[in-house]
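Asker: quick one, what's the 3D model for this:
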Amino acid sequence: MKCPGCGIEIQNPGKFCGSCGAKLTQKLCPNGHVMNETDEVCPHCATQRQQKVKTVAPENKGKTLFEINTIAPVSQQKDEIREFKIDKGPSQTTSEVRKTKVVKTESPVATNVLSGWLVSFDRKTEGEDFRIFSSENIIGASPACNIVIDHDTISSRHAAISYREGNFHLRDLGSTNGTFLNGVRLDREIMLSDGDNITFGTFNTLFVRIKRK
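Answerer: Prediction:
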């Protein structure tokens, strides 16, 4: 500002001019800062940074910053695009490249379903049964087996009944006393039918399959 008495330019104005002693009329902003006469905006207030208020989108409420910044919404997730090179044949000198969208799907969860029984009357007059599931059923005297039969002629891992493609298959696991299907000793894997007689060593059982509609 300029001194009204001597007219010199004053860089840091006070109440009086340092040259002639004239009283200076100070221009103040609403916050009390001293301004130059030519200033339209207070230079002190203009340099103060206002606090920024972050707004959160409605779909991000309740989420952590990690979830907001790293997990894209389902609508923004893109399927993988893969390129496949296709030869057109021996008469063609060029190959065609096609792009195919690979859609990710969840793998079905395998279930272990009760599908039959082995029924025996050798040890109990009222009978006893052992459950067969739609998976690998290891039969033997060891507690680690799926079907545990504690019998003198049954090996620790005697035989296996496996479920594949809708059918049950029986095989011997190198037992000492053998596995018999309808009186014939097994030397290979064979498919079972409902009502088959299976003998592990000398322990007789009847294979009963659950019939589902």
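Asker: where does pLDDT dip in the chain?
Answerer: 1-5, 7, 10-16, 18, 21-28, 32, 46-111, 213 (pLDDT under 70).
Asker: hmm, 50 instead?
Answerer: Within the chain, the stretches with pLDDT under 50 are 49-52, 107-110.
Asker: just want the phi and psi numbers for Pro43.
Answerer: Per-residue torsions, Pro43: phi -70, psi -30 (degrees, to the nearest 10).
Asker: that one against Met35, yeah?
Answerer: Yes - if you go by Cβ atoms under 8 Å, Pro43 and Met35 touch, sitting 7.3 Å apart. Backbone N, C-alpha and C define where each C-beta goes, glycine included.
Asker: show me which of these two is the more surrounded one.
Answerer: Between Pro43 and Met35, counting by other Cβ atoms under 10 Å, Met35 is the more crowded of the two (18 against 12).
Asker: quick check: that one touching Cys42?
Answerer: Yes - the criterion here is Cβ under 8 Å, and Met35 meets it with Cys42 at 5.4 Å.
Asker: between the two, which contacts overlap?
Answerer: Listed as contacting both Met35 and Cys42 by Cβ atoms under 8 Å, 6 or more residues apart in numbering are Cys29.
Asker: and stretch 162-176, C-alpha only, in CSV?
Answerer: What follows is stretch 162-176, C-alpha atoms only, in CSV (Å, rounded to 0.1, in the frame of the first residue of the first chain):
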residue,chain,number,x,y,z
SER,A,162,-16.4,-98.3,-5.7
TYR,A,163,-19.2,-96.2,-7.2
ARG,A,164,-18.6,-94.9,-10.7
GLU,A,165,-21.0,-93.6,-13.3
GLY,A,166,-24.1,-94.9,-11.6
ASN,A,167,-22.8,-98.4,-10.9
PHE,A,168,-21.0,-100.3,-8.1
HIS,A,169,-17.8,-102.2,-8.7
LEU,A,170,-16.2,-104.8,-6.4
ARG,A,171,-12.5,-105.7,-6.3
ASP,A,172,-10.2,-107.6,-4.0
LEU,A,173,-7.3,-105.8,-2.4
GLY,A,174,-4.9,-108.7,-2.3
SER,A,175,-6.5,-110.3,0.7
THR,A,176,-5.2,-113.6,2.2
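Asker: how about it: buried residues?
Answerer: For stretch 162-176, a neighbour-count test (16 or more other Cβ atoms under 10 Å) marks 162-163, 168, 170, 172, 175 as buried.
Asker: please apply the same query to stretch 187-194.
Answerer: Residues 190, 192 are the ones in stretch 187-194 that count as buried (16+ other Cβ under 10 Å).
Asker: quick check: end-to-end length of that stretch?
Answerer: 21 Å (Cα to Cα, to the nearest Å).
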